[in-house]
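Asks: structure for the following, please:
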Amino acid sequence: MTNVHPQDSFSCMISRGSETASLYRSRLLKGTATIALAAGLGSFSALAQDSQETNNDFVIDEIVVSATKTGAKALSDVPMAIQAFSAESLATRNIREGADLIKLIPGASQAQEIGAGYRVFSLRGSGAAGPVGDGMIGYYLDDTPFGVPNFQYAPPLQYFDIERVEVLRGPQGTLYGQGSMGGAFIYRTKSPDLEDFGVEGELSLSKTRGADKLNYRGSAAVSVPLVKEKLGLRVSTSYDYRAGYADIYPGEFTGSPLVTDANNIEATNIHAVMLWKPTDRLTVRSRVWRFSTDQDYLNVLNSVDPAYALNQGDFEGYDRRRAVYYSNTITYDFDAVTLTNATSYQRSMPGGFGVGLGLGAPLGIGILKNGTSAKNFVNEFRLASAGDGPLHWVGGAFYQNARSDYDFSLNFTSLALTGETITRTENGSLFGEVSYDLMGGKLVPLFGIRYFKDSRSSDSVSNGVPTSSDDDLDAWTWRANLAFYPNDNWMLFFNAGTGFRSSILQSQAQADAVIADGVPSGISLSPDKLRNIEIGAKGSLFEDQLRLGVSVYDIRYTNLQSAFNTSIGLSAFANLGDAKTQGLDVEMQWLTPVEGLNISAVANFNSAEFTDVIEAYAAADPRAANGERLYNTPPHNIRFDVDYTTPVGDDWELNANASATFNGESKNQDATVGTLDSYSLYDASVALRRGRYEFRLFGSNLSDLRGPTSANGPTLLAGPRPRTIGLAFRLYMD
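Replies: Predicted coordinates for the structure are as follows:
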């Protein structure tokens with residue numbers, strides 16, 4: 001009998017056949033460029049966009065972030081690998097979702113893509129063993145995480161009514177816990193204005209090459225002070241339609257398509273925030289967020305140029321994702337201490353994907369369906385120092401109770417299989433970090449630690465045969481940081497820390513099949529762990545006209561959990577062994593001598609390889625042997641942005657932006673694909689602004705690159721959306 005386990009990735013199952021409304025303006029910078037070590041400075045390119053003043057006689061407003069959980073801090077003062085992107089900088093670059101944002105992050109890549117709602121991202125080699133098990137990147141919606149056991153995909157959010165996005169590169173095991181081995185994305189949403197009524201919105205229309213219909217997007221937000229200075233409500237909504245461009249054939253690539261321009265996408269977001277400040281000390285922020293993504297057929301195709309999918313029969317493929325997210329954050333200021341309690345409940349409604357596949361012998365042609373739903377309750381209570389003294393600290397407790405439901409069906413010529421798996425986790429942790437300002441704040445050592453305990457179980461049924469597994473886990477993570485501020489313009493730092501991920505659970509039959517092939521395994525795998533060491537510096541040169549950021553990191557992965565295809569055809573799981581990635585992050589922003597002209601860049605260069613692979617595993621898959629390149633980890637990614645702003649007449653302003661993104665060749669986990677070629681993407685826009693109004697002409701993927709840039713198999717290829725040209729009108733809040 002052949003089993004499919006809930007954590008089997010899409011690629012595993014198929015391998016048998018072959019992403020100045022949002023600035024916190026805390027302080028004025030003297031500089032225009034900063035070195036961000038791996039702890040990294042934020043996005044210099046973001047700062048370039050966030051500034052409305054590009055003349056060298058002016059200064060640039062600083063973004064303030066809250067990722068350290070000790071209050072708002074200027075981005076350039078945070079000694080960790082962090083970037084921040086304001087709402088305005090995202091809109092200027094036409095960044096709509098996670099797949100767009102990834103292009104702005106050094107060392108980031110897309111590890112897997114199936115449909116518009118199913119994307120898995122990787123940071124600094126965190127996708128080395130494939131998209132299986134719990135997430136390796138944490139996704140936070142304000143103060144609490146989005147996610148469920150055994151699934152890594154990012155939340156399918158549309159980036160409207162986002163205050164800013166904070167991206168932390170490298171393990172965040174102390175403050176953000178397990179599931180943040182590669183880093184964390186924190187989406188900060190906008191709050192109501194407690195004093196003034198306000199409205200903002202956006203309308204855009206565009207055309208994608210190869211699509212007969214137009215794309216259109218509409219967004220609107222209204223902020224109402226219900227009780228002035230005390231109680232306010234902000235409500236926003238967005239709708240995004242992207243026309244399909246792929247043709248669908250019932251069988252082979254002959255005759256007329258069954259459907260033309262098939263893979264259209266509809267995405268909606270509805271978001272409401274209630275802010276209550278009954279006193280100067282107490283703040284209560286309640287929020288509900290519903291988002292959904294519906295796609296006909298999928299992003300994965302038999303061919304990306306021309307774009308078509310084969311062997312679909314009369315089956316209408318789909319990708320459906322819906323979730324509602326409730327949260328409440330209470331903050332109380334005790335002068336020297338700030339108390340925060342954040343609670344959230346996530347419900348991911350039944351959804352998933354379905355696709356017709358032709359996999360060749362022995363499976364033949366058939367239909368694959370994957371269904372998912374989930375529930376996730378989280379509460380975090382923490383205390384943080386708020387005084388002006390040299391001692392700074394944060395500590396708290398975290399609790400999660402989550403459940404994921406997975407069902408699948410395979411109906412092929414030689415195989416019919418159905419099953420369901422329910423995975424439950426109840427976990428808690430205690431965490432804390434403490435730092436002390438020495439030498440008047442020039443030297444700041446920090447140490448943090450977290451204790452985590454997880455009780456996890458899994459119940460599965462495959463073709464009527466039940467199996468169960470469970471595991472209890474205790475784990476510790478730590479972080480040590482030393483920041484040195486020799487003067488107002490420079491900072492050097494050293495950062496070291498650890499991360500981990502809970503065990504993958506599988507049936508006894510799966511474990512026995514792996515063991516029979518000579519590879520150690522069990523119903524509960526060993527948690528995978530990592531250790532990160534990095535050093536860096538950030539600062540300004542040439543009278544603050546150039547900011548530079550450089551960081552060097554060394555990451556060692558231990559006991560990577562990976563999918564394993566056994567000799568009897570059973571998809572299962574095993575610990576692969578160890579790996580390492582060593583890299584260099586570079587960030588630059590240059591306020592050129594040409595008035596209004598800003599140039600920025602980010603880049604990552606790395607060496608990533610398997611180092612101590614289990615001998616039997618390497619024998620079964622030589623592509624994962626010692627010295628082989630890690631999967632889903634391109635050796636480099638580089639991004640250049642040029643931004644120019646100049647007055648036009650008395651009341652208008654012209655803004656032009658152009659970008660180029662370069663990604664190196666990537667090793668694909670599917671052996672039948674092998675590697676994905678290096679590629680380049682080019683975007684540009686031109687806008688006229690007047691007060692609250694903006695008209696922008698934009699173009700994405702101007703060279704019309706088709707890829708593939710992602711692959712789950714030779715007939716499951718995905719690439720960027722073809723060249724798209726459009727016009728947008730934006731109304732900003734007063």
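
Asks: show me the shaky parts of the stretch 151-300 of the chain.
Replies: Of all residues in the stretch 151-300 of the chain, none has pLDDT under 70.

Asks: for the chain, which helix is longest?
Replies: Longest helix in the chain by number of residues (criterion: DSSP state H): helix 508-516.

Asks: which helix or strand lies directly C-terminal to that one?
Replies: Toward the C-terminus, helix 508-516 is succeeded by strand 528-541 as the next helix or strand (DSSP states H and E).

Asks: who are the packing partners of the very next helix or strand once past that following strand?
Replies: Per DSSP H and E, the first helix or strand lying C-terminal to strand 528-541 is strand 546-565. On a contact count with 3 or more CB pairs under 8 Å, 6 or more residues apart in numbering; DSSP states H and E, strand 546-565 meets helix 10-14, helix 44-50, strand 528-541, strand 571-591, helix 615-620. C-beta coordinates here come from the backbone N, C-alpha and C atoms, glycine included.

Asks: what pairs with the residue lying closest to Tyr345 once chain neighbours are set aside across the strands?
Replies: In this structure, Tyr345 finds its nearest non-sequential neighbour in Tyr326, 4.8 Å apart by CB to CB, 6 or more residues apart in numbering. Going by DSSP bridges, Tyr326 is paired in beta bridges with Val288, Tyr345.

Asks: in the chain, where is pLDDT below threshold?
Replies: Using pLDDT under 70, the chain drops low at 1-62, 568-570.

Asks: okay, now Gly218: neighbour count?
Replies: Residues lying near Gly218 (other CB atoms under 10 Å) number 15.

Asks: what do you get for Asp314?
Replies: When neighbours are counted by other CB under 10 Å, Asp314 comes out with 7.

Asks: where's the closest residue to it other than its chain neighbours relative to Ala309, distance?
Replies: With sequence-adjacent residues excluded and distances taken as CB to CB, 6+ apart, Asp314 is closest to Pro250, at 6.5 Å. Going from Pro250 to Ala309 by CB to CB, to the nearest Å gives 10 Å.

Asks: looking at the two, which is more packed in?
Replies: More crowded of Pro250 and Ala309, by other CB under 10 Å: Ala309, with 29 against 16.

Asks: bridging residues for that one?
Replies: With DSSP bridges as the rule, Ala309 is bridged to Ile248.

Asks: and the helices in the stretch 351-500 of the chain?
Replies: Counting by DSSP state H, counting those that start in this stretch, the stretch 351-500 of the chain has no helices at all.

Asks: just the strands in it please.
Replies: 365-385, 391-412, 415-436, 443-462, 465-487, 490-501 (DSSP state E, counting those that start in this stretch).

Asks: buried deepest among those, which one?
Replies: Sort the strands of the stretch 351-500 of the chain by mean neighbour count, taking mean count of other CB atoms under 10 Å, and strand 490-501 sits at the top with a mean of 22.

Asks: for it, packing partners?
Replies: By 3+ CB pairs under 8 Å, 6+ apart, strand 490-501 packs against strand 465-487, strand 528-541.

Asks: name every strand pairing with that strand and say which way it goes.
Replies: Strand 490-501 is paired, per DSSP bridges, with strand 465-487 (antiparallel), strand 528-541 (antiparallel).

Asks: between strand 571-591 and the last one, find me the angle.
Replies: Angular relation of strand 528-541 and strand 571-591 on a 0 to 180 degree scale: 10 degrees, by axes from the mean of the first three to the mean of the last three CA atoms, to 10 degrees.

Asks: ok, now the longest one?
Replies: Interaxial angle, strand 465-487 versus strand 571-591 (the same axes, to 10 degrees): 20 degrees.

Asks: and strand 465-487 with helix 508-516, angle?
Replies: Using the same axes, to 10 degrees: strand 465-487 against helix 508-516 is 70 degrees.
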